[in-house]
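[1] Could you look at this predicted model? Sequence included:
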Amino acid sequence: DGGITQSPKYLFRKEGQNVTLSCEQNLNHDAMYWYRQDPGQGLRLIYYSQIVNDFQKGDIAEGYSVSREKKESFPLTVTSAQKNPTAFYLCASSWGGMNEQFFGPGTRLTVL
Amino acid sequence: DQQVKQNSPSLSVQEGRISILNCDYTNSMFDYFLWYKKYPAEGPTFLISISSIKDKNEDGRFTVFLNKSAKHLSLHIVPSQPGDSAVYFCAASYSGAGSYQLTFGKGTKLSVIP
């Protein structure tokens, strides 16, 4: 079964701790993305990567970091510098360019 | 400044009737538009897309209309079914070199009443 997996589904962390969210895809897609969704809001782009070992900041990259060491994986680290980290985080992938993005099931992060 | 706007936060429709969800955009560079459906605590699911060279695209019960001069697009669902109840997001992109970004609206929550 091809798809995008995100783990865990729910994540709790104490304030001041870094946390890494996992995203894996077996669709052989070139591009991968991280979005954040807050209540009543649309999806806002955090980071995206078009190819391995390359990534670009999206609209709200401050307080986040990413890596793209493998085509299948695009982990997101929420650092202690992110002022409001509690949110629903969505990972997506696509062939790149003018193609639809396919989304994973999401991770809900709650910082206590 | 919101470049993609969905001005109706919610919409209620009777089962079997037509649902019309609207979306406006301000960036004239946008030339590719998509609709996604999302259930709570799940990732969005791609529904249908349209390129700016077209003014209509159909896929089963779903039709998207694009009015470039008005910078407006709409999603029609006919007939509406209870399983269509979800939040619908409009998204836009442009084919500039290296542009891989989608800009999303805030969504419209559709409730289909049996």
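    Happy to help now that I have it.
[2] Contact partners for A:E72?
    Contact partners of A:E72, counting by CB atoms under 8 Å, 6 or more residues apart in numbering or on different chains, are A:24-26. For the C-beta atoms, the positions are set from N, CA and C on the backbone; glycine is no exception.
[3] Can you report how many residues lie near the nearest residue to A:I51 once chain neighbours are set aside?
    In this structure, A:I51 finds its nearest non-sequential neighbour in A:D30, 6.2 Å apart by CB to CB, 6 or more residues apart in numbering or on different chains. Using other CB atoms under 10 Å in any protein chain shown, A:D30 has 17 other residues around it.
[4] Which positions in chain A make contact with chain B?
    By the criterion of CB under 8 Å from any CB of the partner chain, the positions of chain A lying close to chain B are A:4, A:6, A:31, A:33, A:35, A:40-45, A:48, A:50, A:58, A:88, A:90, A:92, A:94, A:96-98, A:100-106, A:108.
[5] Now a ChimeraX select for only the buried ones of those residues.
    This is the ChimeraX syntax for the buried subset of the residues of chain A next to chain B, where burial follows 16 or more other CB atoms under 10 Å in any protein chain shown:
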select /A:4,6,31,33,35,42,43,44,45,48,50,58,88,90,92,94,96,98,100,101,102,103,104,106
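[6] just for chain A, where's the confidence low?
    For chain A, applying pLDDT under 70 flags the ranges A:1-2, A:97-98.
[7] Alright, calling it a day.
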